[in-house]
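Enquirer: Pasting the sequence and the predicted coordinates here, then a few questions.
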Amino acid sequence: MSSKITNVALAGHENEELLTEIAQATGVLGSAILNGLLEANFTVTVIARKGGQTFPSGVSVEVVDTNSVSAIAEALRGQDAIVDATSGPDPTLQGRIIEAAVSAGVYRIVMGEFSVDPEDPVARSPLIHHGKNQAFKQIKQLAAEGKITWTTISNGAFLDWNLRTGFINIDIRSKKARYMNDGTNPLPWTMLSSISTAVANVLKKAEHTENRSFYISNVIKSQKQMVGLAKEALGSDGWDESNQDMDSKLKGATEAMMAGKVDLEVIGDMIRWSAGTVPAPRWEQLDDNALLGVERMNDDEVRELIRDIASEGKSSPESMLANK
């Protein structure tokens, strides 16, 4: 397999049919990654579940039955790499993408790990991560056999998306914060544009990024620190602040999922428990930032981002999570 990557397939674009509301986050990410790949002059093919979608000039589209490994493999013929930015309730999808990529002779897969640390068994213990855990084990075994190479890019919370939606329980427009436990656990936050830059650099620097997990962030701050910046940017009056017992939230979400309930609140509580309560020391590896072209943001830049997002208009429906 050649380490030079030119042709890149992308699964998980914004216009793709959403299986759950939570997929909106990775849909937005897929759109950002597409722009980053095009700016880096890769030849891009989008793997879509339905036709009739609009893409930038020069982007090829393959409409694929993602329930079929052979159909995915056929769409991946001639691709040097695939970036998996999919999400949804099907825990077996990532495994099918891996199997298809191996069948098609794809050299590199950038795994759909744009969140918590895949190497941390505690952060990855909630049920929502079990499908990804199996896929991560699968790709490591296949790489050890020389059948494919992989990279993961973990970025913690999507900084701009979370400020817009309140998913990490900070609603800057309503001035409402629901702290995860005491809200003091530092967590990484990364702009969507920085993630897209990192993905492009992983593929451009293929020999240096082979079979490795990377940890990137623009900011490492706790919820309380982020709210402190929001108060400085928007004013300290009128904030509604409270605390949540995240172990209790995880317990309730686990019971709900085992009973067959899979919705935004259930999935969100599991993701927030992983991101907001488990220490994330690997994000201090700032050499990963440097290699992948991700820059740190200072407090002034974060305050400016908060002011810009707060002025955009009313919160989107996802920000209702901040009210729970």
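Expert: Great, that's in hand.
Enquirer: how about the strands in the stretch 201-324 of the chain?
Expert: For the stretch 201-324 of the chain, the strands defined by DSSP state E, counting those that start in this stretch cover 212-215, 219-221, 240-244.
Enquirer: possible to save the ones you listed as CSV with distance to Arg164?
Expert: (Each C-beta comes from the backbone N, C-alpha and C, glycine too.) CSV is the format used below for those (distance: least, CB to CB, whole Å):
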stretch, distance to Arg164
strand 212-215, 23
strand 219-221, 16
strand 240-244, 19
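Enquirer: With distance to Ala253, mean pLDDT and mean neighbour count added, can I get these in TSV?
Expert: Below are the strands of the stretch 201-324 of the chain laid out as TSV (distance: least, CB to CB, whole Å; pLDDT from 0 to 100; neighbours: other CB atoms under 10 Å):
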stretch	distance to Ala253	mean pLDDT	mean neighbour count
strand 212-215	25	96	20
strand 219-221	25	96	20
strand 240-244	12	97	13
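Enquirer: Let's test this: name the helix or strand in the chain with the lowest mean pLDDT.
Expert: Least confident helix or strand of the chain, by mean pLDDT, DSSP states H and E, is helix 23-39 with a mean of 78.
Enquirer: contacts for it?
Expert: 8, 10-16, 18, 44, 46, 55-56, 58-59, 83, 85-88, 112, 114, 158, 161, 165, 167, 192-193, 195-197, 199-200, 203, 318 (CB atoms under 8 Å, 6 or more residues apart in numbering).
Enquirer: 6 Å instead, please
Expert: Residues outside helix 23-39 that contact it (CB atoms under 6 Å, 6 or more residues apart in numbering): 8, 10, 12-14, 44, 83, 85, 87-88, 114, 161, 192, 196-197, 199-200.
Enquirer: what do you get for stretch 286-303?
Expert: Contacts for stretch 286-303 (CB under 6 Å, 6+ apart): Ser194, Thr197, Ala198, Asn201, Phe214, Tyr215, Ile216, Asn218, Val219, Leu229, Glu232, Ala233.
Enquirer: Just the buried ones from these?
Expert: Ser194, Thr197, Ala198, Asn201, Phe214, Tyr215, Ile216, Asn218, Val219, Leu229, Ala233 (16 or more other CB atoms under 10 Å).
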